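**Q** next come a sequence and a model predicted from it.
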Amino acid sequence: MSSWKKAAKTGQKTHRERHQPESRKHLGLLEKKKDYVERAKDYHSKQDQLKVLRNRVLNKNPDEFYFHMINSKIRDGIHREKDKPEEHTPDQLLLMETQDLKYVVYKRNMEAKKIEKLQSQLHLIDAANETKNKHIFFVEDETEVKNFDLAKKLDTHPALLSRRTNRPRISNLKNMKLPDVNEEMLAKIEQQKHMAYRELDKRIERERELTIVQQKLEIRRALKDRKVTKPTHIRPATKHSAPVYKWKFERKR
């Protein structure tokens, strides 16, 4: 029976939608049902969106404020972020205008090597003495607490108690052959050590500034490349960091 129905349909006339009459040809193509369905869906979706926006306006707090209101403006009907001026120190501007990237990289590498050499000489031993920590001793009774002698317990000289590194024992001090050192020589050694630490601090700060300048120059060079798609600006430059951009991922052939 089903095969007969299929065979019967083959002889039927194919249904076709009528075309636009000649008298109405100047109005364009006659709208078909599929065109009406698409137009109706588009109309209802826009009406739903207008309804949502109308409810948002009715429920909005008139005293509401957020910074995007003043940090953006409408261009061509689209909210766009305002361009914020980049912040640079006078030294950074001078370096960026007069020197190129290779020179900055060269100077930064020199500073890094000098910092590494100074750190290997100083060892930053004094930093350990300034670190706060606890050393707990256990005693038997209160009498031992009153008569507790820290220098005797650690087997060292009382003048060396404040040191947490290089604290020799009494037995080692007896066997040491110390040179004749006066107060003037000790003051000179202390001054040299202080000057070395100050130099290390200045070189670390200089290396950090050169790193920021290098990053800003690299970003500026990357933005000049016209072959690459224009990136999205995420964060402007500051005195302590380079600007942040996001490039669209492009697969290399």
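**A** Alright, I've got the coordinates.
**Q** for the longest helix belonging to the chain, name the packing helices and strands.
**A** In the chain, assigned by DSSP state H, the helix with the most residues is helix 183-223. Other helices and strands packing on helix 183-223, by 3 or more C-beta pairs under 8 Å, 6 or more residues apart in numbering; DSSP states H and E, are helix 90-98, helix 101-122, strand 244-246. Every C-beta, even on glycine, is put in place using the N, C-alpha and C of the backbone.
**Q** could you report the neighbour count for Ala237?
**A** By other C-beta atoms under 10 Å, the residues close to Ala237 number 20.
**Q** same thing with the one 10 residues further on?
**A** For Trp247, the tally of surrounding residues (other C-beta under 10 Å) stands at 11.
**Q** how close does the closest residue to it other than its chain neighbours sit to Leu101?
**A** Once flanking residues are discounted, Trp247 sits nearest to Pro231: 4.4 Å by C-beta to C-beta, 6 or more residues apart in numbering. For Pro231, the distance to Leu101 (C-beta to C-beta, to the nearest Å) stands at 19 Å.
**Q** swap in Lys34?
**A** Distance, Lys34 to Leu101, using C-beta to C-beta: 60 Å.
**Q** neighbour-wise, which of these two wins?
**A** Between Lys34 and Leu101, counting by other C-beta under 10 Å, Leu101 is the more crowded of the two (15 against 9).
**Q** residue contacts, that one?
**A** Residues in contact with Leu101 (C-beta atoms under 8 Å, 6 or more residues apart in numbering) are Gln214, Leu217, Glu218, Arg221.
**Q** what's the pLDDT at Leu217?
**A** Note on Leu217: pLDDT of 86.
**Q** shaky segments in the stretch 51-200 of the chain?
**A** 93-94, 97-99, 123-131, 133, 159-166, 170, 172-174, 176-183, 186 (pLDDT under 70).
**Q** my guess is His79 meets Asn71, correct?
**A** No: with contact defined as C-beta atoms under 8 Å, His79 does not reach Asn71; the gap is 10.1 Å.
**Q** for the residue nearest the centre of the chain, give its distance to Glu86.
**A** Most central in the chain under C-alpha atoms, centre = their mean is Val244, positioned 8.1 Å from the mean C-alpha point. Using C-beta to C-beta, Val244 is found at 12 Å from Glu86.
**Q** ok, now Pro243?
**A** Distance, Pro243 to Glu86, by C-beta to C-beta: 6 Å.
**Q** with neighbour numbers in mind, choose between these two.
**A** Pro243 (17 against 12).
**Q** could you dump stretch 208-216 to PDB, C-alpha only?
**A** Extracted in PDB, the C-alpha atoms of stretch 208-216 (Å, rounded to 0.1, in the frame of the first residue of the first chain):
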ATOM      1  CA  ARG A 208      64.700  48.100  37.100                       C
ATOM      2  CA  GLU A 209      64.300  51.500  35.300                       C
ATOM      3  CA  LEU A 210      66.200  50.200  32.300                       C
ATOM      4  CA  THR A 211      64.000  47.100  32.200                       C
ATOM      5  CA  ILE A 212      60.800  49.300  32.100                       C
ATOM      6  CA  VAL A 213      62.300  51.400  29.300                       C
ATOM      7  CA  GLN A 214      63.300  48.300  27.300                       C
ATOM      8  CA  GLN A 215      59.700  46.900  27.600                       C
ATOM      9  CA  LYS A 216      58.200  50.200  26.500                       C
END
